[in-house]
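Student: Need coordinates for the below:
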Amino acid sequence: MAGIRLLAPDPLDQRTGGYRYDRYMVEGLRATGHSARIEGLAGRFPDVDAAAVEALHDALAADIEGPVVVDGLASAALAYIDLAHLPGPPPLLLVHHPFVDDPDLEPALRDWLARAERTAFARCSGLIATSQYTARRLVELGADEDRIRVVEPGTEPSPAARGSDGPGVRLFALGAVVPRKGHDVLIEALARLGKRDWQCRIAGSRSRMPEWARGLDARAAELGIARHIEWLGEVDEAGLEAAWQDVDALVLASHYEGYGMVVAEALVRGLPVVTTTGGALADTLPEGCGWSVPPGDTDALARALAELIDRPGRRAGRARAARQAGARLPDWKVQAKRLAQAIEELVAA
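Tutor: Model (predicted):
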């Protein structure tokens, strides 16, 4: 198979799960002997402007042999491009999660993007979903099941977390500080832990919705727990790995995830997980590796955190189960091979 091109909106170094998936897959493809590269698209995404449509059009019009995969963030631009007059077959579309399921989007924008996205589903050669849950959602949204392949994220071999020093439990939350990640629910749940000994470190960009982030600061102060919360902001890979090593458990209060790579990253480090069942998270956390609660349920999240803190034996048992489950997860090279196979199958079809 000729070289694979993955097109995604600039900048390509964003530290979201979707962009990390893209970068790691391209690296994995190269490591397994495939020619692959990721190309940035100028313009505004996902609510595309003329510059974005032109950038995608020019990338698709380039007379370069090999399959093209378009990241779902750029899917709306496909609705404005006449693919019939471009060389080669239509591109494949990589869907991390459909726009219609993104609660952070304004309703009018979400509806517009969802309509454009469904047009893209029909125009592309096939769809690659990053979870079984997302694949099911694509079928519900009208995509042809025979034209969908699932390629979940891989993992990197990682040392087991050392855990925090001293008394108490140190929790870790990772994700951009936006409403979808449920930090507001987490703060309310933490405030219900009473006099229990805990600290919570939260890593993730606070610049995407700064007013939301400031509101969380104010609420934590109002509840009297601000001194127990450390906001790390967006951290680089070295800083992130250091943070992983110094915690006892992951907590993810998301209302919705298309997969939840952070859960898999906790498992390979042997960390128990407290998470919700929002979106694909119901499938991502194996049984016995932590606690799952309904999204938005503050009481249930508080009870799970209280049990994690109060029952060190149970916490240790679920940490062992997490490490065992993490050892069974495929790495990025394995998943890159599966991605290459999926691309080959869809292009041939």
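Student: going forward, measure contacts and count neighbours with C-alpha atoms only.
Tutor: Noted.
Student: Could you list the low-pLDDT ranges of the stretch 101-250 of the chain?
Tutor: 165-166 (pLDDT under 70).
Student: Could you say which helix or strand holds S254?
Tutor: Of the helices and strands defined by DSSP states H and E, none includes S254.
Student: who touches it in this structure?
Tutor: Shown in contact with S254 (CA atoms under 8 Å, 6 or more residues apart in numbering): R180, K181, G182, H183, T275, T276, G278, P295.
Student: Strands - which of the residues you listed land there?
Tutor: T275, T276 (DSSP state E).
Student: Which member of the contacts of S254 is positioned nearest R328?
Tutor: T275 (20.1 Å; CA to CA).
Student: how close does the closest one get to V263?
Tutor: 8 Å (CA to CA, to the nearest Å).
Student: Kindly report the same for G233.
Tutor: Distance from G233 to V263, counting by CA to CA: 19 Å.
Student: Looking at these two, which is more packed in?
Tutor: V263 (24 against 17; other CA atoms under 10 Å).
Student: show me the contacts for the residue of the chain most remote from its centre.
Tutor: Each residue of the chain has a distance to the centre, and by CA atoms, centre = their mean the biggest one is for H85: 34.1 Å. With contacts defined as CA under 8 Å, 6+ apart, H85 has no neighbours.
Student: Got the confidence number for it?
Tutor: We have a pLDDT of 85 for H85.
Student: Pop the domain breakdown of the chain in here.
Tutor: Domain assignment for the chain, taken from automatic domain parsing, gives 4-154+330-348, 169-328.
Student: Output the ones you listed as TSV; include the columns distance to A160.
Tutor: Listed next are those as TSV, based on distance: least, CA to CA, whole Å:
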stretch	distance to A160
domain 4-154+330-348	16
domain 169-328	4
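Student: closest to A161 out of the ones you listed?
Tutor: domain 169-328 (4.4 Å).
Student: Straight-line length of that closest one, end to end?
Tutor: Here the two ends of domain 169-328 are set 27 Å apart, with distance taken as CA to CA.
Student: Surely R162 and A242 touch.
Tutor: No: using CA atoms under 8 Å as the test, R162 is too far from A242 to be in contact (10.3 Å).
Student: which residues in the stretch 201-349 of the chain form strands?
Tutor: Taking DSSP state E, counting those that start in this stretch as the test, the strands found in the stretch 201-349 of the chain are 229-233, 249-252, 273-276, 290-293.
Student: Stretch 321-329 - what's its average pLDDT?
Tutor: 97.
Student: do you know how far the residue farthest from the centre of the chain is from S131?
Tutor: From H85 across to S131, the span is 32 Å (CA to CA).
Student: Same list, the strands of the stretch 201-349 of the chain, but as JSON lines with distance to A74 please.
Tutor: JSON lines is the format used below for those (distance: least, CA to CA, whole Å):
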{"stretch": "strand 229-233", "distance to A74": "26"}
{"stretch": "strand 249-252", "distance to A74": "27"}
{"stretch": "strand 273-276", "distance to A74": "28"}
{"stretch": "strand 290-293", "distance to A74": "32"}
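Student: and of those strands, who's closest to V139?
Tutor: When the strands of the stretch 201-349 of the chain are compared for distance to V139 using CA to CA, the nearest one is strand 273-276, at 23.5 Å.
Student: so what secondary structure elements neighbour that closest one?
Tutor: strand 249-252, helix 261-268, strand 290-293, helix 298-310 (3 or more CA pairs under 8 Å, 6 or more residues apart in numbering; DSSP states H and E).
Student: between the strands of the stretch 201-349 of the chain, which one is nearest to V169?
Tutor: That would be strand 249-252 among the strands of the stretch 201-349 of the chain, by CA to CA, at 8.0 Å.
Student: distance between that closest one and the chain's centre?
Tutor: 15 Å (CA atoms, centre = their mean, to the nearest Å).
Student: Export only the CA atoms of it, formatted as CSV.
Tutor: Provided in CSV are the C-alpha atoms of strand 249-252 (Å, rounded to 0.1, in the frame of the first residue of the first chain):
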residue,chain,number,x,y,z
ALA,A,249,-5.9,6.8,41.4
LEU,A,250,-7.4,8.4,38.4
VAL,A,251,-10.7,10.2,38.5
LEU,A,252,-12.5,11.0,35.3
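Student: just checking, what packs against it?
Tutor: strand 169-174, helix 261-268, strand 273-276.
Student: which stretches of the stretch 51-200 of the chain form helices?
Tutor: 75-78, 107-123, 132-140, 183-191 (DSSP state H, counting those that start in this stretch).
Student: and the longest one with helix 132-140, angle?
Tutor: Here helix 107-123 runs at 80 degrees with respect to helix 132-140, directions being taken by axes from the mean of the first three to the mean of the last three CA atoms, to 10 degrees.
Student: Now do the buried residues in helix 107-123.
Tutor: By 16 or more other CA atoms under 10 Å, the buried positions in helix 107-123 come out as R110, L113, A114, A116, E117, R118, T119, A120, F121, R123.
Student: coming back round to it: single out the most deeply packed of the helices and strands packed on strand 273-276.
Tutor: Ranked by mean neighbour count under mean count of other CA atoms under 10 Å, those are led by strand 249-252, which reaches a mean of 26.
Student: That one pairs with which strands, and in what direction?
Tutor: strand 169-174 (parallel), strand 273-276 (parallel) (DSSP bridges).
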